[in-house]
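Colleague: need a structure here:
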Amino acid sequence: MIPIPLLEQPFKDREEVKAEIGKCDLMASILSIAALVFAALGVISDGFDIPLGLEPMIWLLLAIVAGLGAIMPHMKSTVAKHLYGIESEIKKQE
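Modeller: Residues are numbered from 1 along each chain as shown. Below is the predicted model of the structure:
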């Protein structure tokens, strides 16, 4: 049996939190831009009645999937920033 590492483990230190925030922000940005590009391709394809590799409905469905996929990195980044801020406030009070 192959051991499966836990993907959701607690952060070890502040630098790991900063790195995770950066990775999540990058992934969320890429997926958000992909969603906008897919939506634009769907609208252009439907407006000009030209299939740009895929049918217009497929481009719009891809935009929806990419947009929904961007939610998780945005949420994880927001939670990490919130926890990082709480930790900073606690350290200031000490």
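Colleague: helix, strand or coil for Leu52?
Modeller: Classification of Leu52 using DSSP: H, G, I helix; E, B strand; the rest coil returns coil.
Colleague: Tell me the confidence at it?
Modeller: For Leu52, the model assigns a pLDDT of 83.
Colleague: What of the one 3 residues further on?
Modeller: Reading off the per-residue confidence, Glu55 sits at a pLDDT of 88.
Colleague: quick one: low-confidence ranges for this structure?
Modeller: 1-11 (pLDDT under 70).
Colleague: Geometrically speaking, which residue is the centre of it?
Modeller: Ala28 (2.6 Å; CA atoms, centre = their mean).
Colleague: In contact with that one, which residues?
Modeller: Going by CB atoms under 8 Å, 6 or more residues apart in numbering, Ala28 touches 70, 73-74, 77. For glycine as for every other residue, the C-beta is placed from the backbone atoms N, C-alpha and C.
Colleague: Show only the entries of these found in helices.
Modeller: Among the contacts of Ala28, the members falling in helices (DSSP state H) are 73-74, 77.
Colleague: and which of those residues is nearest Ala19?
Modeller: When the ones in helices among the contacts of Ala28 are ranked by distance to Ala19 (CB to CB), Ser77 comes first, at 11.6 Å.
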